[in-house]
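> quick one, structure for this:
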Amino acid sequence: ELMVGIKAVVSGAPTLALGNVVGSNIANIWLVLGVPAILVPMTCTAPKFTSNMMIMLAATLMLIMLSYTGSLTFGTGIVLIMMLVAFIIFSTHKSQSIECAQTLMDMEALPGEPDSIFFVTALILGAIAGLFLGAQILVDGSVIVARNWGVSEAVIGLTIIALGTSLPELVTAIVAALRGACDVAIGNVIGSNIFNILGVLGAASLFGNIPIPEIFMTFDYWVMLIASLSLLPIAVFRMRIGRVSGIIYCTAYAIFIFYVAHGASAINHGNGMLGQF
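Numbering: from 1, shown residues only. The predicted model follows:
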């Protein structure tokens with residue numbers, strides 16, 4: 001999301017960056033948690049789950065309030081980055097680092113895990129280069145698709161790009177759930193959503209203004225907020241995310257994608273017209 005967001009702003013498609021973050025946050029909750037829950041019911045018992053959940057909600061509300069200015073600017077980016085730094089410091093001092101480390105150590109190691117520091121370093125550098133090149137190809141291709149199909153970059157960001165950039169979280173959540181590390185699966189989603197808003201949009205705003213289409217203020221933001229609030233009972237009452245909840249989450253995401261795609265086929269989603277919505 002970070003690579004795509006910065007590349008989108010630099011390439012002159014800033015609403016693609018915004019759509020990517022909003023769409024990814026919705027997908028992270030309803031799809032990334034919905035699919036694993038259908039496979040393995042999940043319950044999060046992490047002590048800081050509720051507080052991190054509240055931070056995610058606060059970041060979401062902060063983004064909505066800042067967006068009423070009409071655009072995310074350099075100043076907005078500084079505010080978001082400062083909030084991210086504060087969150088990281090808070091998490092570092094308050095987290096149960098030993099318990100978290102033990103949870104990760106209890107997970108089975110991947111077969112053929114490399115033990116050479118030089119090889120591991122090469123893999124990391126290669127992965128970073130791959131992310132940069134992949135983001136460039138993804139953004140350039142998405143802009144071409146949007147222009148050829150006559151839809152806005154915001155729609156592409158909300159759907160295709162958001163789904164693509166959420167796949168790593170989906171794979172992580174499925175693997176973690178199957179291995180019984182449900183805290184990792186749910187924490188992965190909450191942490192990703194916080195970083196998307198504070199880190200991705202914060203960093204992207206430093207490279208150029210991100211205008212806020214009216215449809216985001218009247219529809220997309222509120223879907224993101226509803227998706228975030230759907231985790232609240234699970235955080236407060238430690239409710240289990242079972243198969244029924246998983247099906248409901250996946251259905252809600254499918255409905256959201258359908259309405260966005262259906263609206264894009266009738267109107268320009270980025271123009272702020274409610275149309276089919």
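
> which secondary structure element contains the closest residue in space to L31 that isn't next to it in sequence?
The shortest distance from L31 to any residue other than its chain neighbours is 4.7 Å, reached at Y253 (CB to CB, 6 or more residues apart in numbering). All C-beta atoms are positioned from the backbone trio N, CA, C, and that covers glycine. Using DSSP states H and E, Y253 sits in helix 243-266.

> give the buried residues for that helix.
Residues S245, G246, I248, Y249, C250, A252, Y253, F256, I257, V260, G263, A264 are the ones in helix 243-266 that count as buried (16 or more other CB atoms under 10 Å).

> now do the same contact list for the nearest residue to the third one once chain neighbours are set aside.
Put plainly, it is I248. The spatially closest residue to I248, leaving aside those adjacent along the chain, is G34, at 7.7 Å (CB to CB, 6+ apart). G34 sits next to S245, G246, I247, I248, Y249, C250, Y253 when contact means CB atoms under 8 Å, 6 or more residues apart in numbering.

> and what of I174?
I174 touches V35, P36, L39, A185, counting by CB under 8 Å, 6+ apart.

> element containing V139?
Applying DSSP H and E as the criterion places V139 in helix 117-149.

> what packs against that helix?
Secondary-structure packing of helix 117-149 (3 or more CB pairs under 8 Å, 6 or more residues apart in numbering; DSSP states H and E): helix 2-10, helix 14-30, helix 153-156.

> make it 7 Å
Judged by 3 or more CB pairs under 7 Å, 6 or more residues apart in numbering; DSSP states H and E, helix 117-149 is in contact with helix 2-10, helix 153-156.

> so where's the stretch 101-250 of the chain shaky on pLDDT?
Confidence mapping of the stretch 101-250 of the chain against pLDDT under 70 gives the ranges 101-115.

> any idea how far V223 is from F90?
V223 sits 28 Å away from F90, going by CB to CB, to the nearest Å.

> so those two - more neighbours on which side?
Each of V223 and F90 has its neighbours counted (other CB atoms under 10 Å); V223 has more, 22 against 14.

> now do the buried residues in stretch 155-173.
When burial is assessed from 16+ other CB under 10 Å, stretch 155-173 yields the following buried residues: 155-166, 169-170, 172-173.

> can you flag which of those belong to helices?
Per DSSP state H, helices hold the following members of these: V155, I156, A162, L163, G164, T165, S166, E169, L170, T172, A173.

> which pLDDT value does the model give A46?
pLDDT, A46: 64.

> dump the contacts of I174 to CSV, plus secondary structure and distance to P233.
Output for those, formatted as CSV (DSSP: H, G, I helix; E, B strand; the rest coil; distance: CB to CB, whole Å):
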residue, secondary structure, distance to P233
V35, helix, 20
P36, helix, 18
L39, helix, 21
A185, helix, 17
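
> need these in TSV with distance to V9, can you?
Formatted as TSV, the contacts of I174 follow (distance: CB to CB, whole Å):
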residue	distance to V9
V35	31
P36	32
L39	37
A185	31
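
> all good on my end, thank you.
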